[in-house]
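In: Show me the folded form of this:
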Amino acid sequence: MSTGIENSRNAQESADYADQLLRKNHALASALTKAAEELKNLKTQMTYLGEPPTSFATFIKVDSYSPAHDGARLASAQVFHNGRRIIVAVSPTVAVSRLVPGEQVLLNENLVLTSSRADLGIGPLRVVDEVLDSQRLLVSDTAGATTVVRRSSELADKTIDHGDRIRLDPSATFAMERLDDADADEMLLEEVPDVRFEDIGGLNDQIQAVRDAVELPYRHRELFEQFHLTAPKGVLLYGPPGNGKTLIAKAVARELIESAKPAEGVFLSVKGPEILNKYVGESERLIRSIFKRARAKATEGVPVIVFIDEMDSLLRVRGTGISSDVENTIVPQFLAELDGIVALANVIVIGASNRVDMIDPAVLRPGRLDVKVRIPRPTRTQAAAVLTRYLDDSLPTASPAQKLIDAGLDAIYQHTSETLVCELQTGEGAWHPVYFDDLISAASLKNIVDRAKTRAIKAAIAAPSTVSGITQADMIAAVTMEYDDTVGSIAGLSAQQWSSVQGLEFGRILAVRHAPTHSGDEVLS
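Out: Residues are numbered from 1 along each chain as shown. Below is the predicted model of the structure:
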């Protein structure tokens, strides 16, 4: 009995041991399978890592294409690789007919062309200097170095002009894409101005001079041809700031555009400092772009005015060392473009500047900006005409508008301690007084009226039952506020530079002394 039980126990232990061995065998088999898979992956990776590198090249053209003895077709191609033009074999798996000049292709370790890659849209930028023929372009980089490149198939049928920006392929062999000049588009203001001559007061003689230069050649072209008289290419409006230079340019443009048949035209406006760019060649490119736009519009038969404000900042006298001598390249580019529009009777350049002495003389010589019109500070009579534009009997006033105007003029044009802005010391050591009317401008006259209106509105809000409108006291107080701002604006400025911008003709200035009633005897040199 006991022997049977012992045998049964042994049998069970043997079975359990067998199960344990089976489980270990399954675990070992699973581990071996996993190890085999990992080994396979490692072999694959080693094979991949051990493969020789492939390199990029630029496809130029098919060099030869002929059938082989076994019926396959053998091809070779010209490519640009590592700075060299070479001929490589083309893999039979590549569709040769689909290769496009300028696209990127892959070469294996044996320099066999194995596949192509889509254009990534990257590459160096160049500016077109000249269209040599239907296939070649002469381009330059920002340093002025020139290169001849070929058009890609994308640009084969597209119009490319001088000054256009293009993207080359990475090898700088093919012109791949023409880029829009977005920065020039943002810079240019193309409009029909909303300013009329009736909006400008006190500058009748100056307005007439500008109109004679701009409107007469356009409206009476036949007479100019009959008298062999060439229309001016440009007009320069110069004088102290805030006296209507921009307004005159806009009013002339509006009248010229309205006189066109059909009534359409273009006023291209840009500020000189906006063209300046720290990158070499960019400013010149922007100038080319502006004149390119003007030419395109003028060929449509419409009048085009290119208005450049703050021209002195762009076209400084060459050799002054200002702006890192950038004017040495900008001025010639501007002159080249200006001289290039001689045949376009519909284009005229109007420049505005506070510092005509800083503009390169070549820009101002006859045949270029040869019509120069000074826009001075308003005399008392001219100031009255300006104030009449903003102050009349249609407004709520406590007295006739003319009395308000006279009160304001009396406060402005008196020479007393109340209107002394500063004193300037000249080279010989003498001090010269500068009064408020020496610095008055059309802009400040408008600001005076606006201040007076604001005072009247605040009075009406405070006491609505006793609204009397603008009073003489409002006008005098407005003049005082404008005077105080003028005195305060001098602080911290260079005496010589400030006096030059303001058009004060005292010669060499050593120092400026604030009016004693405001800033004591503070002296700024």
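In: Please make it C-alpha for all contacts and neighbour counts, starting now.
Out: Fine.
In: Show me where the stretch 151-300 of the chain has its strands.
Out: 165-168, 174-179, 189-191, 234-238, 266-271 (DSSP state E, counting those that start in this stretch).
In: What's the mean pLDDT across stretch 410-423?
Out: Taken as a whole, stretch 410-423 has an average pLDDT of 92.
In: Could I get the buried residue list for that stretch?
Out: Of the residues in stretch 410-423, Ala411, Ile412, Tyr413, Glu418, Thr419, Leu420, Val421, Cys422, Glu423 count as buried by neighbour count, 16 or more other CA atoms under 10 Å.
In: next one: stretch 210-227
Out: So, applying 16+ other CA under 10 Å, buried residues of stretch 210-227: Val210, Arg211, Ala213, Val214, Glu215, Pro217, Tyr218.
In: From one end of that stretch to the other, what's the distance?
Out: Distance between the two ends of stretch 210-227: 20 Å, counting by CA to CA, to the nearest Å.
In: Give me the distance from that stretch to the chain's centre.
Out: 32 Å (CA atoms, centre = their mean, to the nearest Å).
In: Just the residues contacting it, thanks.
Out: Contact partners of stretch 210-227, identified using CA atoms under 8 Å, 6 or more residues apart in numbering, comprise 230-232, 235, 252, 256, 259, 303, 345-346, 348, 371, 373.
In: Could you list the low-pLDDT ranges of the stretch 151-300 of the chain?
Out: Where the stretch 151-300 of the chain drops to pLDDT under 70, the residues are 181-192, 260-265, 277-281.
In: mind running it again at 90?
Out: Counting by pLDDT under 90, the stretch 151-300 of the chain shows low-confidence ranges at 151-205, 207, 210-222, 224-225, 228-234, 240-244, 246-247, 249-300.
In: Do a quick rundown of the helices in it.
Out: 182-187, 204-219, 221-226, 245-259, 272-275, 282-298 (DSSP state H, counting those that start in this stretch).
In: And the stretch 351-500 of the chain, by the same measure?
Out: Counting by DSSP H, counting those that start in this stretch, the helices of the stretch 351-500 of the chain are 361-364, 380-390, 401-412, 442-462, 472-488, 495-501.
In: now those in TSV, with distance to Arg98?
Out: As requested, the helices of the stretch 351-500 of the chain are exported to TSV (distance: least, CA to CA, whole Å):
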stretch	distance to Arg98
helix 361-364	54
helix 380-390	71
helix 401-412	80
helix 442-462	66
helix 472-488	72
helix 495-501	65
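In: Nearest approach to Ile275 belongs to which of those helices?
Out: When the helices of the stretch 351-500 of the chain are compared by CA to CA, helix 361-364 sits nearest Ile275, at 16.8 Å.
In: From Ala352, how far out is Phe371?
Out: Careful, residue 371 is Val; it's not Phe. 12 Å.
In: same check, this time on Leu39
Out: Leu39 is 79 Å from Ala352, by CA to CA.
In: who has more neighbours, the two?
Out: Ala352 (28 against 12; other CA atoms under 10 Å).
In: Can you tell me how far the more buried one is from Ile405?
Out: From Ala352 to Ile405 the distance is 29 Å (CA to CA).
In: report the angle between the axes of the longest strand along the chain and strand 174-179?
Out: For the chain, the longest strand by residue count, based on DSSP state E, is strand 55-67. Using axes from the mean of the first three to the mean of the last three CA atoms, to 10 degrees, the direction of strand 55-67 lies 120 degrees away from that of strand 174-179.
In: Tell me which residues touch Gly272, please.
Out: Ile308, Asp309, Glu310, Met311, Asp312, Ser313, Leu314.
In: quick one: the first one from Arg254, how far?
Out: Spatial separation of Ile308 from Arg254 under the definition CA to CA is 16 Å.
In: go on, Pro396?
Out: 32 Å.
In: quick one: which of these two has more around it?
Out: Arg254 (24 against 18).
In: nearest residue to the more buried one other than its sequence neighbours?
Out: Pro193 (5.6 Å; CA to CA, 6 or more residues apart in numbering).
In: So that neighbour is in contact with Phe267, correct?
Out: Yes: counting by CA atoms under 8 Å, Pro193 touches Phe267, with 7.4 Å between them.
In: So which of those two has more stuff around it?
Out: It is Phe267, of Pro193 and Phe267, that has more neighbours when counted by other CA under 10 Å, with 22 against 17.
In: Spatially nearest residue to that one (excluding sequence neighbours)?
Out: Using CA to CA, 6+ apart, the nearest residue to Phe267 is Ile305, at 5.0 Å.
In: so where does that neighbour fall, helix or strand?
Out: Ile305 belongs to strand 304-309 when elements are defined using DSSP states H and E.
In: Can you point out the buried residues in that strand?
Out: Val304, Ile305, Val306, Phe307, Ile308, Asp309.
In: For Asp129, which three-state class applies?
Out: strand (DSSP: H, G, I helix; E, B strand; the rest coil).
In: Run a quick neighbour tally on it.
Out: 19.
In: OK, contacts around it?
Out: Leu137, Leu138, Val139, Ser140, His162, Gly163.
In: measure it to Met176 for me?
Out: Where Met176 is concerned, Asp129 sits at a distance of 16 Å (CA to CA).
In: Kindly report the same for Asn82.
Out: In terms of CA to CA, Asn82 sits 19 Å off from Met176.
In: circling back: adding distance to Gly429 as columns, could you present the buried residues of stretch 410-423 in a markdown table?
Out: Formatted as a markdown table, these follow (distance: CA to CA, whole Å):
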| residue | distance to Gly429 |
| --- | --- |
| Ala411 | 30 |
| Ile412 | 28 |
| Tyr413 | 27 |
| Glu418 | 24 |
| Thr419 | 23 |
| Leu420 | 19 |
| Val421 | 19 |
| Cys422 | 15 |
| Glu423 | 12 |
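In: Which single one of those residues is nearest to Ile470?
Out: Distance to Ile470 across those (CA to CA) is lowest for Ala411, with 15.9 Å.
In: if I pick the nearest residue to Leu369 once chain neighbours are set aside, what's in contact with it?
Out: Counting by CA to CA, 6+ apart, Gly234 is the residue found nearest to Leu369 once chain neighbours are left out, at 4.2 Å. The contact partners of Gly234, taken as CA under 8 Å, 6+ apart, are Ile348, Val349, Ile350, Gly351, Arg368, Leu369, Asp370, Val371.
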